[in-house]
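Novice: What follows is a predicted protein model with its sequence.
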Amino acid sequence: MKQETVLHYCCLGKNLEVMEDLLKSGASCNILNKRGNSAFHTAIMMKQDKMVELMLKYNAEVKNEDIAFAKKNKTSERILQLLDQGSSTL
């Protein structure tokens, strides 16, 4: 596990434009930091539905624990819908 990636920092700074550029260039949103969270998970925690949607477009891995976490933390209905759609490939 690594330190935060640039995508993690995009989530924390709510920088959608830079995130999109990085994902277009091949950055992975599935790399875990030392706490075991991916940038995708960080976007869920930060309740950033546009970022979640963008990362799903670029093959973010949806795990059952992501869905459970989102429900537990009362994230937006939009994120729950996105996770549900993304989990259909589990």
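Specialist: Thanks, I have the structure now. Numbering: from 1, shown residues only.
Novice: where in the chain is pLDDT low?
Specialist: 1, 87-90 (pLDDT under 70).
Novice: what residues are up against the residue most central in space within it?
Specialist: Closest to where the C-alpha atoms of the chain average out (Cα atoms, centre = their mean) is Phe40, at 1.6 Å. Phe40 makes contact with 29-30, 52, 55, 60-62, 66 under the criterion Cβ atoms under 8 Å, 6 or more residues apart in numbering. Yep, even glycine has a C-beta here, placed from its N, CA and C like the rest.
Novice: Mind telling me what element it is part of?
Specialist: Using DSSP states H and E, Phe40 sits within helix 39-45.
Novice: From the contact counts, what lies against the helix or strand following that helix?
Specialist: Scanning forward in sequence from helix 39-45 by DSSP H and E, the next helix or strand is helix 49-57. The contact analysis (3 or more Cβ pairs under 8 Å, 6 or more residues apart in numbering; DSSP states H and E) places helix 49-57 against helix 16-24, helix 39-45, helix 77-86.
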